[in-house]
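[1] My questions are about this predicted structure, shown below with the sequence.
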Amino acid sequence: MRVAVKVRLKRSILDPQGKTVQQALQHLGFEQIREVRIGKLIELEIEEGQSREKIQQMLEAAGRKLLSNPVMEDFEIEYPGELP
């Protein structure tokens, strides 16, 4: 099963890369775009046959320990459809 983990800077953290992209977009004529925040998408292939609770616990631990910096970033787990 493929699972996605989205990692983004916390709202309270400035995003200079996002600000640069926003300014470039406005320069290109996309004046309606008021804010851009840059993040990362991590796709994981997980072995089938585990409970949803066990998968959730594993992914949350991976998100806290390696996939994100909990001081500066938040992460969100996205599942494709229903899990067993």
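    Arrived safely, thanks for sending.

[2] I'd like the distance between Met72 and Ser12.
    9 Å (Cβ to Cβ, to the nearest Å). Placement of C-beta: from N, CA and C, glycine included.

[3] Would you mind telling me which of those two has the busier surroundings?
    Neighbours per residue, other Cβ atoms under 10 Å: of Met72 and Ser12, the larger number sits with Met72, 12 against 6.

[4] quick one, what contacts that one?
    With contact set as Cβ atoms under 8 Å, 6 or more residues apart in numbering, Met72 has these partners: 9-10, 13.

[5] Cross the residues you listed against helices and list the overlap.
    Among the contacts of Met72, no member falls in helices (DSSP state H).

[6] ok, of those residues, which come out buried?
    Leu9 (16 or more other Cβ atoms under 10 Å).

[7] Make a markdown table out of the contacts of Met72 and add pLDDT and distance to Gln56.
    Converted to a markdown table, these look like this (pLDDT from 0 to 100; distance: Cβ to Cβ, whole Å):
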| residue | pLDDT | distance to Gln56 |
| --- | --- | --- |
| Leu9 | 97 | 23 |
| Lys10 | 97 | 21 |
| Ile13 | 96 | 26 |
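
[8] Closest to Ile55 out of the contacts of Met72?
    Using Cβ to Cβ, Lys10 comes nearest to Ile55 of the contacts of Met72, at 24.8 Å.

[9] May I ask you to confirm that that closest one is in contact with Asp74?
    Yes. The criterion here is Cβ atoms under 8 Å, and Lys10 meets it with Asp74 at 5.5 Å.
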